[in-house]
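*Asks:* here is a sequence with its predicted model. Questions after.
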Amino acid sequence: MDKMPVSELLSAGAKHIGLRLLHGKKQIHERFITSHRIQKPGLALAGFTEYLHEGRIQILGNTEISYLWTLPPKQRKSAADNLMQHEICCFIVTKNLKLPKEFLSSVQECGIPLFKTKLLSSKAIELITDFLEERLAPETNVHGVLMDVYGIGVLIMGRSGIGKSECAVELVKRGHRLVADDIVTIKKRYDTLVGMSNDILRHHIEVRGLGILNIKDMFGVTAIRMRKKIELVIEFVDWDQVGSCDRIGLEKKFYETLDIKTPMIVLPITAGRNMAVIVEVAARNQLLKVMGYDSAKDFSDNLLNRMNPKRKKNSVQSGEILSFKNIPKKGEE
């Protein structure tokens, strides 16, 4: 989301900030916040408005309001009017400080939303910035299932009907946690991807033949979680569509979205394969890689050293690797 209406500051998600609307009941739906960064308009009140960012929330703390009280009423009104010439999205007054009537008059004349909170400026800025970073983060939706498997966020993808939801139910039975099914909303937070469900589908999963199931009601609150960092993507594909298969595990694949690459594994599906167990193993293997141990690379190094004792260590990094690719036949594994 690249912008959000000011009215979102009064939503349930921002309740912890404790904002109270003083003016602009109509305008909160018409004005938009475009940046997660806030601004304190001290210099702008003094007349230097060159770097005033209109899409940022303007925080009026003790410094700004104390400065206004030092001005004569006529100059105070002039300073406020000069500030209001800009299309500011909204003002927030911290510590429930009392505003001069000249500033209130200017706000009402220009129809700019005005809020108050009892929080100190530093705390209000921290909470508002965190809230805006979440709401304004770049996001996208993908078709798949997001699970928390051994603490690893595993995004399972694949064509409709290939068995993603059935695998998710088996994983839940084995003690893992469902984050989202069918539509996974992915948000970019700094250099990571965080997945979650939308409000309507949250805690639900569709199993063909059974319909919509509520995992929270069926398995309890320990079987679900609200969001999870995505650390591994697994794509289910039909066995017949697999052109080649990496038998060692040295081949590196990545799934890229929102300009972030996530390690990816392609798993061919065939009758008799317990995909839930394989997903569990993949998650365990990913945990080992995160901790710095790659069993495929270790196996490759050991084998190449046996074949060539004079081989220099770490020559894998220079391009010497094992490669046992094949084109598997159906049922052959």
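*Replies:* That came in fine, so what should we check first? Keep in mind that this is a model prediction, so the values were computed, not measured.
*Asks:* which strands or helices does the one helix or strand Leu104 maps to pack on?
*Replies:* Assessed by DSSP states H and E, Leu104 sits inside helix 101-110. Where contact means 3 or more CB pairs under 8 Å, 6 or more residues apart in numbering; DSSP states H and E, helix 101-110 is packed against strand 20-23, helix 73-84. For glycine as for every other residue, the C-beta is placed from the backbone atoms N, C-alpha and C.
*Asks:* so what strands line up beside the shortest one?
*Replies:* The strands beside strand 20-23 in its sheet (DSSP bridges) come out as strand 114-116 (antiparallel).
*Asks:* could I get the average pLDDT for the strand it pairs with?
*Replies:* Summarised as a single mean, pLDDT over strand 114-116 is 96.
*Asks:* what comes up buried for it?
*Replies:* Leu114, Phe115, Lys116 (16 or more other CB atoms under 10 Å).
*Asks:* show me what counts as buried in the following helix or strand past it.
*Replies:* Per DSSP H and E, the first helix or strand lying C-terminal to strand 114-116 is helix 121-135. Within helix 121-135, the residues scored as buried using 16+ other CB under 10 Å are Ser121, Ala124, Ile125, Leu127, Ile128, Phe131, Leu132, Arg135.
*Asks:* contacting residues for the second one?
*Replies:* Going by CB atoms under 8 Å, 6 or more residues apart in numbering, Ala124 touches Ile17, Ile59, Ile92, Thr94, Thr117.
*Asks:* quick check: it vs Met291, distance?
*Replies:* In this structure, Ala124 and Met291 are 39 Å apart, going by CB to CB, to the nearest Å.
*Asks:* the first one now?
*Replies:* Look at Ser121 and Met291: by CB to CB, they are 42 Å apart.
*Asks:* do the third one as well
*Replies:* Using CB to CB, one gets 37 Å for the distance from Ile125 to Met291.
*Asks:* ok, which of the helices and strands packed on helix 101-110 comes nearest Pro268?
*Replies:* strand 20-23 (56.5 Å; CB to CB).
*Asks:* my read: Leu99 touches Ile92, true?
*Replies:* No. Leu99 is beyond contact range of Ile92, at 11.6 Å (criterion: CB atoms under 8 Å).
*Asks:* between these two, what contacts are shared?
*Replies:* Leu60.
*Asks:* the more surrounded of the two?
*Replies:* Higher neighbour count among Leu99 and Ile92: Ile92, with 24 against 20, using other CB atoms under 10 Å.
*Asks:* which element is that one on?
*Replies:* strand 91-93.
*Asks:* for the record, mean pLDDT for that strand?
*Replies:* On average, strand 91-93 scores 96.
*Asks:* paired strands for that strand, with orientation please.
*Replies:* Counting by DSSP bridges, strand 91-93 is paired with strand 58-60 (parallel), strand 114-116 (parallel).
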